[in-house]
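>>> Fold the following and give me the result.
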Amino acid sequence: MNTARIVVLTIALGAGGGAIYLMRAFDNPSLPAAAPAAQLPTVDILVAKSDIGLGQSVKPEDIQWQTWPAATASNSFIRRADNTDATKDILGSIARAPFIAGEPIREQKLVKANGSGFMAAILPTGMRAISTEISPETGAGGFILPNDRVDVILSRREKSPDKASPDIVSSEIILTNVRVLAIDQAPKEKDGANALVGKTVTLELKPEQAETLARARQSGMLALALRSIADVNMVENASDNQAPKRGESINVVRYGVLSSTTTQK
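Numbering: from 1, shown residues only. Below you'll find the model as predicted:
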């Protein structure tokens, strides 16, 4: 037998012996077993099974229980361990704010209608809903949508003491950072539209703000100024230095033309 065959045979015997050793090692029950993976504590919480729109009544097919990591479950979530009948308790409630599929249900975003109309159900405690006329010119060209925030501007036209001079037009912001509840009778966007032209707007106001708006409607023309979405979390009672004072000028953009008016002294 030549040297090459001896080398090949030796390698083959060594490989076979190694395989047998490994097989016996895996079959040996004395070897320690792998430690099981740690199980995170979980809780069952109530979530939206499908999208629930603003003003929509909650139905059985809209909600379901879902396992959730206990460490990230907020105290505002509805837990099965705390209320096994929660799915029955919230049926018929109206969504004060929209839910997306998979979002935990929170009672703060629901309200029991108890026979009241839709607007009365979604209106927060202590607030009032009041409507006023608008047009494309006074309503930001239709780009104001329900749930947006606006400022209300009152413009007055007064005759000049000098008959040869033009009339005096004064403008002032009478309400700041108020929420739009509806345009006409639409409390939400229609089919994802980014513009909604209507003849009336319904605003969410405090009682004293409602009185201010009612008086202003008899004093001149009202216009709405759309605010940034970043203003949603701002305090509604803006400080005096946030709004123009009487006697100061404000800039108004109408049809792309910038003009300056002076508030009434």
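>>> State the phi and psi torsions of the closest residue to Arg128 other than its chain neighbours.
Leaving out its chain neighbours, the residue that sits closest to Arg128 by C-beta to C-beta, 6 or more residues apart in numbering is Ala210, at 4.6 Å. All C-beta spots, glycine's among them, are computed from the backbone N, C-alpha and C. Backbone torsions for Ala210, taken as degrees, to the nearest 10, come to phi -60, psi -40.
>>> ranges for the helices of the chain?
3-27, 86-89, 118-122, 207-217 (DSSP state H).
>>> returning to what we had before: right, and the residue nearest to Arg128 touches Ile130 too?
Yes: the criterion here is C-beta atoms under 8 Å, and Ala210 meets it with Ile130 at 4.8 Å.
>>> what separates the closest residue to Leu203 other than its chain neighbours from Arg128, distance-wise?
Spatial nearest neighbour of Leu203, excluding adjacent residues (C-beta to C-beta, 6+ apart): Val178 at 5.2 Å. Val178 sits 11 Å away from Arg128, going by C-beta to C-beta, to the nearest Å.
>>> same question, Pro104
31 Å.
>>> higher neighbour count, these two?
Between Pro104 and Arg128, counting by other C-beta atoms under 10 Å, Pro104 is the more crowded of the two (18 against 15).
>>> tally of neighbours for the nearest residue to the more buried one once chain neighbours are set aside?
Nearest residue to Pro104, sequence neighbours excluded (C-beta to C-beta, 6+ apart): Phe77, at 4.6 Å. For Phe77, the count of nearby residues is 18 (other C-beta under 10 Å).
>>> Equivalent analysis for Ala121, please.
Quick note: Ala121 (other C-beta under 10 Å) scores 19 neighbours.
>>> surely it meets Ala129?
No: the pair Ala121 / Ala129 is not scored as a contact, 11.2 Å apart, by C-beta under 8 Å.
>>> Now do the shared contacts for Val178 and Arg128.
Counting by C-beta atoms under 8 Å, 6 or more residues apart in numbering, the shared contacts of Val178 and Arg128 are 204-205, 209.
>>> ok, of those, which one's closest to Ser160?
Distance ranking of those against Ser160, using C-beta to C-beta, places Gln209 first at 31.7 Å.
>>> and the closest one, what does it touch?
Applying C-beta under 8 Å, 6+ apart, we find Gln209 in contact with 128, 175, 178.
>>> Can you verify my assumption that the last one contacts Ile153?
Translated: Val178. No: in this structure, Val178 is not within contact of Ile153 by C-beta under 8 Å, at 11.9 Å.
>>> Low-confidence regions, the protein specifically.
The chain contains residues with pLDDT under 70 at 1-38, 113-117, 137, 139-142, 164, 186-197, 232-265.
>>> remind me, longest strand of it?
strand 168-183 (DSSP state E).
>>> how about that strand: buried residues?
With burial defined by 16 or more other C-beta atoms under 10 Å, the residues of strand 168-183 counted as buried are 170-183.
>>> Which single one of the residues you listed is nearest to Leu224?
Among the buried residues of strand 168-183, Val180 lies closest to Leu224 (C-beta to C-beta), at 8.0 Å.
>>> Run through the bridge partners of the residue nearest to Leu203.
Val150 (DSSP bridges).
>>> who touches it in this structure?
Neighbouring residues of Val178 by C-beta under 8 Å, 6+ apart: 149-152, 203-205, 209, 236.
>>> Output those in a markdown table; the columns should cover distance to Thr67.
Below are the contacts of Val178 laid out as a markdown table (distance: C-beta to C-beta, whole Å):
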| residue | distance to Thr67 |
| --- | --- |
| Arg149 | 37 |
| Val150 | 42 |
| Asp151 | 46 |
| Val152 | 47 |
| Leu203 | 42 |
| Glu204 | 37 |
| Leu205 | 43 |
| Gln209 | 45 |
| Glu236 | 39 |
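>>> Name only those of the residues you listed that count as buried.
Among the contacts of Val178, those classed as buried by 16+ other C-beta under 10 Å are 149-152, 203-205, 209.
>>> Any buried residues in stretch 58-68, and which?
Neighbour counts using 16+ other C-beta under 10 Å place 58, 62-63, 65-66, 68 of stretch 58-68 among the buried residues.
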